[in-house]
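Visitor: I need the structure of the sequence given here:
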Amino acid sequence: MDCMNPYIERFLRKLIAENEGELEPDAVESLVEGLNRLLENMLGRNMIAALPEELRKDFVSQYDKGSREVDVNAMSRLFDGHIDDPTRIMKSTLREFTDLYFRNRQKKRGATVIGPDCPSGL
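Guide: Numbers count the residues shown, from 1 in each chain. A predicted model of the protein is given here:
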């Protein structure tokens, strides 16, 4: 597994343990890795969206070419210098991620989702 934020890893493992029941260790590891990739993608998307418009356009034009070679330090400086409240973005992303996770679990179990807090079939 790549270097994963230990707080995020604990969050994901707790989410899985509370909602997936008993899984084989390999299945848990695979699920943690997949969910971490999704969460990182969502957080990155939300951080980019929070950049001022001109910087966002420059960023997207530079990194939208499919390059995986990203200078993490340069990116951190860009975000640190132009995003006022990264904690708010992280919190809202975690809420968005958790809502998505539970909606998908409900669909998997056959429940019809009526609203964000009101699934039928429960």
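
Visitor: how about stretch 35-45: buried residues?
Guide: 35-36, 39, 42-43 (16 or more other CB atoms under 10 Å). Quick note: C-beta positions are derived from backbone N, CA and C, even for glycine.

Visitor: show me the contact partners of that stretch.
Guide: 4, 8-9, 12, 15-16, 89-90, 93-94, 96-97, 101 (CB atoms under 8 Å, 6 or more residues apart in numbering).

Visitor: okay, and which of these map to helices?
Guide: 8-9, 12, 15-16, 89-90, 93-94, 96-97, 101 (DSSP state H).

Visitor: of the residues you listed, which pair is most distant in space?
Guide: Largest separation among the ones in helices among the contacts of stretch 35-45 by CB to CB: I16 and I89, giving 23.8 Å.

Visitor: the residue nearest the centre of the chain sits in which helix or strand?
Guide: Compute the mean C-alpha point of the chain, and by CA atoms, centre = their mean the closest residue is L39, 1.5 Å away. Applying DSSP states H and E as the criterion places L39 in helix 25-50.

Visitor: and what of L23?
Guide: With DSSP H and E as criterion, L23 is part of no helix or strand.

Visitor: might one say that it is in contact with I16?
Guide: Yes. With contact taken as CB atoms under 8 Å, L23 and I16 are classed as touching, separated by 7.2 Å.

Visitor: residue contacts, F11?
Guide: F11 touches L94, counting by CB under 8 Å, 6+ apart.

Visitor: in the protein, where is pLDDT below threshold?
Guide: 1-2, 64-68, 110-122 (pLDDT under 70).

Visitor: just to revisit the earlier point, are any of the ones in helices among the contacts of stretch 35-45 buried, and if so which?
Guide: 8, 12, 15-16, 89, 93, 97, 101.

Visitor: from T98, how far out is the residue nearest to the centre of the chain?
Guide: 10 Å (CB to CB, to the nearest Å).

Visitor: quick revisit: distance from the chain centre to the helix holding L39, please.
Guide: In terms of CA atoms, centre = their mean, to the nearest Å, the gap separating the centre of helix 25-50 from the centre of its chain is 4 Å.

Visitor: brilliant, that's me finished.
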